[in-house]
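K.L.:
Quick one, fold the following:
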Amino acid sequence: MDIKIKLNERLNQMVKEVGEEYQLSPDQIILNTLEHFIKDKKDFLVGRQFELKAIVRQKQLEYEKAEKALELHNATIANFDRQIEPTVVVEKPRVVVKPIEKKEDKLYIKRGKFGKQMFKFTDENLKTLKDEAQSYYYDTVVPQLQIKFNRNNKKSFYSSHSNQNMQKRNFKCWIGTTEKVDVVTARKIAERNEALVRKGLDPNEPQIDVETGKQIPLETDSGGMIMWKEFVAYRYTELDIMGIALEDNKVNVEQCKRKFRSGVFSNTAQQAFDMWKNDNMTIGQICHKQLMEAGTPEERPCSVANMLMSRILKAIWHFGTVEERSYIFKDGGES
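P.N.:
Have a look, this model is predicted:
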């Protein structure tokens, strides 16, 4: 194939000079040059690289422009379709709200020292707890407090104590059944018993009067049930516990609802109750403050029975709050 090449002025001058110098024709010079530098057909495009890139970029811009025009066209058609289509109301499915199921509180029982079964006592979990007779469980809040299973799943509170100076082995104090005594009260009694044991006093035995150092004599009613010694160390903060002790000893508190014989007896009862409530005194201490037959040769400390029945309990019924009366009287303290 014959090809004619038109050189620019610069290349034409160079070919002319080479031909004159080396006695070569223009065709030979061009052919030799091409044979030397052209090894592949792509080599012919070396000089067209930038021109080709410009062409490609131009084509890309044209494509992008066309693509945007197509998107705009499709959007116009879609908008037109929405305007002419009827509105369809789609009902949302009805949401059914299920009540949250209350999860039952699980009772976690852990093993303590010597295999003791322990958990935090509450009135609720003690009602549902079941086990065989002679089974024991201990409270994690007050470690001395325990429950013992009897027959027919009946349970009783006990407090367990240790004092090597009193006994080599632990000993227990009966508090009451779980049906009659709540957990809060049982804990108070267990702590009170523990305080006595630390002083070397057995809560199950007659106590010693702290004022005289003598054993308090056992006083009973005609039925032989009242043990007034139990009430010597009670303070006002233990009013709820004292109410249980009165019931356990079958004390007839209804007689405390009678009227005072005179204003003197009323004032004496109010004074005793005030010392018990506001001065943090025990019943035994008040017995030595308010004497019987004061100012006479027969002057002596007031008996516990008299202090309780004729003064403090009577003052609670006549002058106490509804809450205070409810701890002592079965009718809830309503006068």
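
K.L.:
what's the pLDDT at the closest residue to residue 44 other than its chain neighbours?
P.N.:
Closest residue to residue 44 apart from its sequence neighbours, by Cβ to Cβ, 6 or more residues apart in numbering: residue 38 at 6.6 Å. Bear in mind the C-beta positions are built from the backbone N, C-alpha and C, glycine included. The model reports residue 38 with a pLDDT of 81.

K.L.:
same deal with residue 2?
P.N.:
Per-residue pLDDT puts residue 2 at 76.

K.L.:
Torsion angles phi and psi at it?
P.N.:
When read as degrees, to the nearest 10, the backbone of residue 2 gives phi -80, psi 130.

K.L.:
count of neighbours near it?
P.N.:
Neighbour count of residue 2, defined by other Cβ atoms under 10 Å: 3.

K.L.:
List the residues that contact it.
P.N.:
Applying Cβ atoms under 8 Å, 6 or more residues apart in numbering to residue 2 gives no contacts.

K.L.:
what's the answer for residue 191, then?
P.N.:
Applying Cβ under 8 Å, 6+ apart, one finds that residue 191 lies in contact with 142, 144.

K.L.:
which stretch of helix or strand covers it?
P.N.:
Using DSSP states H and E, residue 191 maps to helix 183-198.

K.L.:
same deal with residue 138?
P.N.:
Assigned by DSSP H and E, residue 138 falls within strand 136-139.

K.L.:
Can you name the element that comes right after the helix holding residue 191?
P.N.:
For helix 183-198, the succeeding helix or strand toward the C-terminus, using DSSP H and E, is helix 239-248.

K.L.:
Mean confidence (pLDDT) on that next one, please.
P.N.:
Helix 239-248 comes out at a mean pLDDT of 81.

K.L.:
Mind listing residues that contact it?
P.N.:
Contacts for helix 239-248 (Cβ under 8 Å, 6+ apart): 176, 180-181, 185, 188-189, 192, 230-231, 234, 253, 324, 327-328, 330.

K.L.:
any idea which of those is closest to residue 165?
P.N.:
residue 192 (19.4 Å; Cβ to Cβ).

K.L.:
Could you check how far that closest one is from residue 34?
P.N.:
120 Å (Cβ to Cβ, to the nearest Å).

K.L.:
Those two: which has the busier surroundings?
P.N.:
residue 192 (18 against 12).

K.L.:
Assign a three-state SS to residue 308, would you?
P.N.:
helix (DSSP: H, G, I helix; E, B strand; the rest coil).

K.L.:
Apologies, that question was intended for residue 173.
P.N.:
On the three-state scheme (three-state DSSP), residue 173 is labelled strand.

K.L.:
Fine by me, we can end here.
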